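**Q** Here is a sequence with its predicted model. Questions after.
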Amino acid sequence: MNWSARQGSRRAARWLLALGCLLPVAAGASPHLQQRLDALREEGRFVPERALQHLKEIEIEAFSAPLALRAEYITQLSNAHMRLGQNDIALQLTEDLILDATRHKNDVALAKAMLSKAYISFALSERRASHLFAFEAETIANRTDDLQVRVQATISAGQSWAEEGNFPPALAKLQTAVDLARLSKSPATLAAALNALTLLYTQMRDYDKGFKVLDELLAVAGKLESPGRLAQAKNTEYGLALDASQPRRGQRALLEALALERQLGARTMVATTLVNLSDSYLKQGDFQRALSYANEAIAAARLVRNDDVQATARLNIGQALIGLGRHEEGKRSVETGLAYYDLMDNKPDLQAVLLEYGMALEKAGDMKGAVTAYHRERKISSQLFEQQRQKAVYELQEKYQTEKKQRQIELLSRENQVKSAELDNRRLQQRVWWLLALVMALAAVIVGLLYRKVRHANVRLKEKNQELAHQSSRDPLTALYNRRHFQDFMRRHAGAPPAPGVQKDSDLVGAMFLLDVDHFKQINDEYGHAAGDLVLTTIAATLHEVLRETDMIVRWGGEEFLAFLPSVTRGSLDHIAARVLDGIAAQGVVYQGQAIHVHVSIGFAPYPLAPLGQPLSWERSVNLVDMALYLAKAHGRNRAYGVRGFQQMEGTTLEVVEQDLERAWRDGVVDLNVVPGPQNGQPRAAA
C-alpha cells in the first residue's frame, strides 16, 4: 500500500518546493548574516531539526537586523517549526511578521509572511484558508520587483488551483512561474518551478509533457550540487513514472532518492521513500524485500513521529506476510493499519486498501476473508457514491436557485423600468397633451412585452423543474435509473396489487438481478478512468439490449447495476442470467485502440422470496441477492449465483442464512443455481 505514503510524498513535495525557493535577502543587510541564512535555507528545507538549532544561534543578531533581512529569518524560523509540527509557534511568528510588514508598508516582507501563513494553514488541514492566503500573497508579490518572491507566490497560487481541481488556471500560473524563474537566473528557483509543473502534469495525466519537463528538472537539479533538491526531483520522477505505468523506472528513482536522503540526513523523506519502496516491491511480488523495506520504514517513521507512514507500512507488512504464507500474522498487521485509517476517517484511501487486501486474501486462497474485505469495501463504495450523488444534487439545486434569483432580479429591474416610464408619462401628460396617445401606446407595448417575458420565464421555470426531477432520478453517466428512484418505486410496488397475470403460486414471478463488473479497479488503473466510464456506459447499453423495455435497470453503485424484472416465468431466470453474461462478454470495448475484455458477476433471485410462506421485503431480497453476488465473486467471477428458494427452514432462521449463504446452501437450506459465464467467448448453458 502506498496511498498515504504517496499522498504524504506529494504533500511534502509541495512544501519542499514551496518553501524551498524562499528567498534571497535584501541589499544592504549584514553580509555575514546573509551568508548564514543562504546556507541555512537549504538545510531547513530538508533537515528542519538541525536548521532550527542553527537559526536559534543567530536569533539576537537577526532580530536586530533591518526588516528585509529580519523577514527572511522569521520566515525560515516559522517554516522550521511548522515542518516539526510546532504549528502554534510558527503561526505566532508569522502573525507578528505580518503586523511588522504592514506597519512599514514592505510588500516583499508581507508577501513572504502571507505565504508562510498559507503553508501553516495547509498543515492544519485548513485547505480553503490556505488557498485564499496563497492568492493574496500572489497579489501582494506582483506589486514588487522581486522576481524570486513573485515566482514563489505564483507557484503557490498555481498549486492552490490544482488542489481545487481547476487545472486550466493552475497550468497557466505554473507556466508563468517557470518563465519568471528563467528571468531570475536562479537555478534553484527554476528547479522549484519545474518540479511544481511536473507534479501538475502528473495530476492531469499528461505524461508526455510531464516527462519532458522532468528531463529539464533533473538536468537543473543535477547541477545544483544539492542532494536534497536532487532527491526531491527523484521523488517527483517516481510519482510520474508510477502513474504512467513505468514501475521499474519509478523504483530506480526511489532507490537513488533514498541514497541521497540518507546522505543528507533527511529523516522524514527517508521514512516516506522506504514505505514507497516497500509498496514497489510488493507490486512486483517480491514479498521478502517488501517486508524488509516496510520494517525499515516503521523504524524511520517512529523517529520523526509520522503516524501516516507507520500505518501504511503496517499494511504493506501484512500483505507481504500473506504473500509469504503467514496469513494470520499478516491479517493482524493489516488490521492494525486499517484501524488508523478508520480513526482518520479517510474513506477513499480505506476503500482502496480494502480492495487490495481482498485481492491478496483471494490470491492466498482465503475466500471467506476476501468476501469480508470486499463487503467492507463495497459498503464504503456505496457511502462515497451516495455522497457524490448528494453533492451533484446540491450543486444542481444551487445552480437552479441562482438562476431563479437572477430571473427575479431581471423581473424587478423591468418592473422598475415600467414604474419609471409611468412617472415620465404623467409628467408628459401635464406638459404635452397632444403626445398622450403616443405615450399610452408605448406603455401598452412595453406591458405586452413584459407579459410575454413573464410567460416565457414561467415556461422555462416549468422546464427546469421537469429537468431537475429527471436528473434526480437518473444516473448522470449511464442515464439509467439511480438507487433513490428504485427505492421509491419499490416502496410503491410493495403495496401495489400484483401485475396482470401474476397470481400466488403462478409460474409468473418478478426477479432481481444484481451485477458487478469484474476487476473494475484494474481497468481504471491500467487504462484510466475514462476507459472505466466507457465500460460502464457500454454495459448500460447492453442491458437495454438483452432485457425488455418494461424491465427497470438501475445503476446501484460505482460499478454495480441492478435489474428488476416485474413479470417473467420462474424457469427462465437462469436463461436470463446466461443471456446477460454472454451479452456483456460479447461486447468489444475499445479504448484508444486497445481492446478491453469485460465480464461481470451476478446474483439473482425471484421476487418476492417467501421462506415458510412469508414474503420477504424487497430490502432483504436485495441483501440475499447481494450475498449470492459475493459467492460468484469468491468462486471465480464471470458467473451467476441464483437463489431459487428455501427448504427445511424449520431448523434455522433467515438471519443465520444471511450471515453465511454458502453454508446454508451446502446444508441444503437454500436452493442455489450456478450459471457459468462464457469461456473463450463461447456461451455455456446453465449448470
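**A** Received, thanks. Everything quoted here is computed from the prediction, not taken from an experiment.
**Q** which sections of the stretch 251-400 of the chain are below the confidence cut-off?
**A** 346, 384-400 (pLDDT under 70).
**Q** quick one: residue 375 is in a helix?
**A** Yes. Assessed with DSSP: H, G, I helix; E, B strand; the rest coil, residue 375 lies in a helix.
**Q** residues in contact with it?
**A** residue 630 (CB atoms under 8 Å, 6 or more residues apart in numbering). From N, CA and C alone the C-beta is placed, and that goes for glycine too.
**Q** next one: residue 512
**A** Here residue 512 is in contact with 562-565, 604-605, 607, 618, 621-622, 625 (CB under 8 Å, 6+ apart).
**Q** Just give me the neighbour total for residue 550.
**A** By the criterion of other CB atoms under 10 Å, residue 550 has 9 neighbours.
**Q** Counting neighbours, which bits of the helix or strand containing residue 313 end up buried?
**A** Secondary structure from DSSP states H and E places residue 313 in helix 307-323. Judged by neighbour count using 16 or more other CB atoms under 10 Å, the buried positions of helix 307-323 are 308-323.
**Q** How is the nearest residue to residue 528 once chain neighbours are set aside assigned, secondary-structure-wise?
**A** Setting aside the residues directly before and after it, residue 528 is nearest to residue 205 in space (CB to CB, 6 or more residues apart in numbering), at 6.6 Å. Classification of residue 205 by three-state DSSP places it in coil.
**Q** surely residue 205 meets residue 243?
**A** Yes. Shown here, residue 205 and residue 243 form a contact pair, counting by CB atoms under 8 Å, at 7.0 Å.
**Q** Those two - which one has more neighbours?
**A** The neighbour comparison of residue 205 against residue 243 (other CB under 10 Å) goes to residue 243, with 18 against 12.
**Q** That one touches residue 204, doesn't it?
**A** No. Counting by CB under 8 Å, residue 243 does not reach residue 204; the two are 10.3 Å apart.
**Q** where do the strands sit along the stretch 351-500 of the chain?
**A** When assigned using DSSP state E, counting those that start in this stretch, the strands of the stretch 351-500 of the chain occupy the ranges 481-482.
**Q** Now do the helices in it.
**A** Secondary structure of the stretch 351-500 of the chain by DSSP state H, counting those that start in this stretch: the helices cover 367-431, 436-473, 483-494.
**Q** CSV for those helices, including distance to residue 82?
**A** Listed next are these as CSV, based on distance: least, CB to CB, whole Å:
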stretch, distance to residue 82
helix 367-431, 31
helix 436-473, 44
helix 483-494, 44
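**Q** Among those, which comes closest to residue 274?
**A** Taking CB to CB, helix 367-431 is the member of the helices of the stretch 351-500 of the chain nearest to residue 274, at 25.7 Å.
**Q** orientation of that closest one relative to helix 483-494 in degrees?
**A** Relative orientation of helix 367-431 and helix 483-494, computed by axes from the mean of the first three to the mean of the last three CA atoms, to 10 degrees: 100 degrees.
**Q** can you tell me how far the closest residue to residue 203 other than its chain neighbours sits from residue 197?
**A** Among residues not flanking residue 203 along the chain, residue 162 sits closest, at 6.0 Å (CB to CB, 6+ apart). Residue 162 is 10 Å from residue 197, where distance means CB to CB, to the nearest Å.
**Q** higher neighbour count, these two?
**A** The neighbour comparison of residue 162 against residue 197 (other CB under 10 Å) goes to residue 197, with 25 against 21.
**Q** The more buried one: which element?
**A** Assigned by DSSP H and E, residue 197 belongs to helix 187-203.
**Q** average model confidence for that helix?
**A** Average pLDDT, helix 187-203: 91.
**Q** Give me the buried positions along the helix or strand hosting residue 331.
**A** Residue 331 is part of helix 327-344, with elements assigned from DSSP H and E. Neighbour-count burial for helix 327-344, with 16+ other CB under 10 Å as criterion, is recorded at 327, 330-331, 333-334, 337-338, 340-341.
**Q** Same check on stretch 63-78?
**A** 65, 67-78.
**Q** likewise stretch 341-354?
**A** Within stretch 341-354, the residues that qualify as buried are 341, 346, 349-354, counting by 16+ other CB under 10 Å.
**Q** Between those residues, which sits nearest residue 556?
**A** Nearest to residue 556 among the buried residues of stretch 341-354, with distances taken as CB to CB, is residue 351, at 16.3 Å.
**Q** In contact with the spatially closest residue to the closest one that is not a sequence neighbour, which residues are there?
**A** Distances taken as CB to CB, 6+ apart place residue 380 nearest to residue 351, at 4.5 Å, with adjacent residues excluded. The neighbours of residue 380, taking CB under 8 Å, 6+ apart as the test, are 347, 350-351, 354.
**Q** Just the closest of those to residue 229, please.
**A** Nearest to residue 229 among those: residue 350, at 34.1 Å, using CB to CB.
**Q** got a list of what the residue nearest to residue 203 touches?
**A** Per CB under 8 Å, 6+ apart, neighbours of residue 162: 170, 200, 203.
**Q** and it, what pLDDT?
**A** Residue 162 is given a pLDDT of 91.
**Q** how close does it get to residue 134?
**A** 11 Å.
**Q** again with residue 158
**A** In this view, residue 158 and residue 134 are 9 Å apart by CB to CB.
**Q** next one: residue 304
**A** Using CB to CB, we find residue 304 at a distance of 26 Å from residue 134.
**Q** any idea how far the helix holding residue 331 is from the chain center?
**A** Helix 327-344 has its average C-alpha position 22 Å from the chain's average C-alpha position, going by CA atoms, centre = their mean, to the nearest Å.
**Q** pull the CA atoms of that helix into PDB?
**A** C-alpha atoms of helix 327-344 as PDB (Å, rounded to 0.1, in the frame of the first residue of the first chain):
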ATOM      1  CA  HIS A 327      -1.700 -15.500   6.800                       C
ATOM      2  CA  GLU A 328      -2.900 -14.900  10.400                       C
ATOM      3  CA  GLU A 329       0.200 -12.800  11.200                       C
ATOM      4  CA  GLY A 330      -0.300 -10.800   8.000                       C
ATOM      5  CA  LYS A 331      -4.000 -10.200   8.700                       C
ATOM      6  CA  ARG A 332      -3.200  -8.900  12.200                       C
ATOM      7  CA  SER A 333      -0.800  -6.400  10.700                       C
ATOM      8  CA  VAL A 334      -3.200  -5.200   8.100                       C
ATOM      9  CA  GLU A 335      -6.000  -4.700  10.700                       C
ATOM     10  CA  THR A 336      -3.600  -2.500  12.700                       C
ATOM     11  CA  GLY A 337      -3.100  -0.300   9.600                       C
ATOM     12  CA  LEU A 338      -6.800  -0.300   8.800                       C
ATOM     13  CA  ALA A 339      -7.600   0.900  12.400                       C
ATOM     14  CA  TYR A 340      -5.500   4.000  11.700                       C
ATOM     15  CA  TYR A 341      -7.400   4.700   8.500                       C
ATOM     16  CA  ASP A 342     -10.700   4.200  10.300                       C
ATOM     17  CA  LEU A 343      -9.600   6.600  13.000                       C
ATOM     18  CA  MET A 344      -8.600   9.300  10.400                       C
END
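**Q** elements contacting it?
**A** Packed against helix 327-344, as judged by 3 or more CB pairs under 8 Å, 6 or more residues apart in numbering; DSSP states H and E, are the following elements: helix 307-323, helix 347-363.
**Q** okay, the buried residues of helix 327-344 in a markdown table with distance to residue 113 next?
**A** As requested, the buried residues of helix 327-344 are exported to a markdown table (distance: CB to CB, whole Å):
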| residue | distance to residue 113 |
| --- | --- |
| 327 | 54 |
| 330 | 49 |
| 331 | 50 |
| 333 | 45 |
| 334 | 44 |
| 337 | 39 |
| 338 | 41 |
| 340 | 35 |
| 341 | 36 |
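**Q** which of those residues lies closest to residue 460?
**A** Closest to residue 460, out of all of these and judged by CB to CB, is residue 341, at 47.3 Å.
**Q** Could you report the separation of the closest one from residue 171?
**A** Per CB to CB, residue 341 is found 32 Å from residue 171.
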